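**Q** Okay, sequence plus prediction incoming.
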Number of protein chains: 2
Amino acid sequence: MTQPDLVTDRRIAQAHGFTLWFTGLSGAGKSTLAAAVSAELRGLGMAVEVLDGDEIRQNLSKGLGFSREDRDINIRRIGYVAKLLTRNGVAVITAAISPYRAIRDEVRESIGAFIEVYVKASLDECIRRDTKGLYRRALAGEIPQFTGVSDPYEEPVCPELVIDTEREEVPDSTARVIDRLVELGHLRSASDA
Amino acid sequence: MTQPDLVTDRRIAQAHGFTLWFTGLSGAGKSTLAAAVSAELRGLGMAVEVLDGDEIRQNLSKGLGFSREDRDINIRRIGYVAKLLTRNGVAVITAAISPYRAIRDEVRESIGAFIEVYVKASLDECIRRDTKGLYRRALAGEIPQFTGVSDPYEEPVCPELVIDTEREEVPDSTARVIDRLVELGHLRSASDA
């Protein structure tokens, strides 16, 4: 079977709701990739919601801090909302650091149609990019419990996909995400419908 | 135009997502009506989510209390999730006391396709029913800030529908909810599709 030209092929259809769970360091490229993939999925006619870490903290977790306990509560809330949307046929993309493996596995269990995407860049590269100016402040000791600097990040052991943003361009990464969704049966060619 | 037999008519279709916002005292019958209406809507082939007050507190608002501020935060979170589901075509039913008018109006603005249903029973009747045994404890002073006993309940001024659960049976109330959804254009006869 020949692989279709995924990024432009309009014959791809959604099989059911799913959650693309992006995890990775601050500055690794989660939000950028989420924007590109969501545009692609919308272009294919799908209902898409991006649950961005910052937006969710604002709407569901104001007052929570960055202790392990508070981070876990925040991730559980994102997971709960993602579950509700997923079971109603929405393509959900979450873009939160979600540094702890155990809680990612917990939401995976809860959601079912869960695709873990490790959006990977080295700490050095994230510090070099410092898109939000947060690493500079964290390294100066102005932000406590900053993932990668003063708080742990646990890499995924068996993610469905690894996107290395130091080596790949966004369009290629986007195509690989769509490709993997087809492979896993979360998207299908319309001819299979 | 003759009104179709709404509760059994299978030619009703969903026009778009919407949120049925049930408000009323504890014990007024919100959850009972939510269960009946959700069964009816599912029977019509719709995607339905019930956001029950207790379940949402468990999943999104653990640690929040019952001060006005905490209640408002809780209602904003329900409103946020209802908005995400509504704009993705889901029929959402919320069943939280939501005692304050201002915050109900705020979520109305935010959601758009919002139908406020005042599920009404007198305080005396709710105390008589006391389905969860909470009024007895609240009246004994064991539960502070209990709506209707030691905390205010602000009745809706212009709800889209009032269901008087002291005078109506559940099947009749359910039919009236469906009827009102059709009237407001949130549901339509399939023949109009």
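**A** That came in fine, so what should we check first?

**Q** quick one: the residue lying closest to A:Val149 once chain neighbours are set aside and A:Leu123, what's the gap?
**A** Spatially, and ignoring its direct neighbours in sequence, A:Val149 is nearest to A:Ala138 (4.4 Å; CB to CB, 6 or more residues apart in numbering or on different chains). C-betas here are computed from N, CA, C, even on glycine. Distance check for A:Ala138 against A:Leu123: by CB to CB, to the nearest Å, it reads 11 Å.

**Q** now swap in A:Glu155 and tell me
**A** Taken as CB to CB, the span from A:Glu155 to A:Leu123 is 12 Å.

**Q** Show me the strands in chain A, by range?
**A** According to DSSP state E, chain A carries its strands in the segments A:12-14, A:18-23, A:48-52, A:91-95, A:114-120, A:161-164, A:187-189.

**Q** which one of these lies closest to chain B?
**A** strand A:48-52 (5.9 Å; CB to the nearest CB).

**Q** Direction included, what does the closest one pair against?
**A** Paired strands of strand A:48-52, with direction, are strand A:91-95 (parallel) (DSSP bridges).

**Q** Phi, psi for the residue lying closest to A:Thr23 once chain neighbours are set aside please.
**A** Once flanking residues are discounted, A:Thr23 sits nearest to A:Ser98: 4.6 Å by CB to CB, 6+ apart. The phi/psi pair for A:Ser98 (degrees, to the nearest 10) reads phi 40, psi 70.

**Q** and A:Ser98, how many neighbours?
**A** 27 (other CB atoms under 10 Å in any protein chain shown).

**Q** what's it in contact with, if anything?
**A** Contacts for A:Ser98 (CB atoms under 8 Å, 6 or more residues apart in numbering or on different chains) come out as A:21, A:23, A:75, A:78, A:104.

**Q** near chain B, which residues of chain A show up?
**A** A:47, A:49, A:59-60, A:62, A:73, A:76-77, A:80-81, A:84-85, A:88-90 (CB under 8 Å from any CB of the partner chain).

**Q** Can you turn the buried part of those into a PyMOL selection?
**A** Filtering the residues of chain A next to chain B down to the buried ones (16 or more other CB atoms under 10 Å in any protein chain shown) takes a single PyMOL command:
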select buried, chain A and resi 47+49+59+60+73+76+77+80+81+84+85+88+89+90
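
**Q** Using pLDDT, spot the least trustworthy of the residues of chain A next to chain B.
**A** The lowest pLDDT within these belongs to A:Lys62, with 87.

**Q** That residue contacts B:Ile73, doesn't it?
**A** Yes: when contacts are counted by CB atoms under 8 Å, A:Lys62 is listed as touching B:Ile73 (7.2 Å).

**Q** Point to the residue nearest the middle of chain A.
**A** By CA atoms, centre = their mean, chain A has its centre lying nearest to A:Phe22, at 1.7 Å.

**Q** Report the separation between that residue and A:Arg180.
**A** Distance from A:Phe22 to A:Arg180, counting by CB to CB: 13 Å.

**Q** Lowest mean pLDDT among the helices and strands of chain A, which one is it?
**A** strand A:12-14 (a mean of 69; mean pLDDT, DSSP states H and E).

**Q** ok so, going back, overlap in contacts, A:Ala138 and A:Leu123.
**A** Residues touching both A:Ala138 and A:Leu123 (CB under 8 Å, 6+ apart) are A:Val149.

**Q** Please report how far A:Ala95 lies from B:Ala82.
**A** 22 Å.

**Q** Can you give me the neighbour number for the residue nearest to A:Asp72 when sequence neighbours are not counted?
**A** Nearest non-adjacent residue to A:Asp72, counting by CB to CB, 6+ apart: A:Ile103, 4.8 Å away. Look at A:Ile103: counted by other CB under 10 Å, it has 20 neighbours.

**Q** okay, the angle between the biggest helix by length in chain A and strand A:114-120?
**A** Longest helix in chain A, counting residues (DSSP state H): helix A:68-86. For helix A:68-86 against strand A:114-120, the angle by axes from the mean of the first three to the mean of the last three CA atoms, to 10 degrees is 130 degrees.

**Q** For helix A:68-86, name the packing helices and strands.
**A** strand A:18-23, strand A:48-52, helix A:53-60, strand A:91-95, helix A:101-111, helix B:53-60, helix B:68-86 (3 or more CB pairs under 8 Å, 6 or more residues apart in numbering or on different chains; DSSP states H and E).

**Q** Pull the residues that contact the fourth one.
**A** When contacts are defined by CB under 8 Å, 6+ apart, strand A:91-95 is touched by residues A:14, A:17-22, A:30-31, A:33-34, A:37-38, A:41, A:46-53, A:78, A:82, A:85-86.

**Q** for stretch A:139-150, same thing?
**A** Taking CB under 8 Å, 6+ apart as the rule, stretch A:139-150 contacts A:25-26, A:65-67, A:97, A:99, A:123, A:126-127, A:134-135, A:137-138, A:151, A:153.

**Q** at 7 Å what do you get?
**A** A:25-26, A:66-67, A:97, A:99, A:123, A:126, A:134-135, A:137-138, A:151, A:153 (CB atoms under 7 Å, 6 or more residues apart in numbering or on different chains).

**Q** what bits of chain A have low per-residue confidence?
**A** A:1-12, A:14-15, A:189-193 (pLDDT under 70).

**Q** can we see that at 50?
**A** Along chain A, the parts satisfying pLDDT under 50 run over A:1-6, A:8, A:10, A:193.
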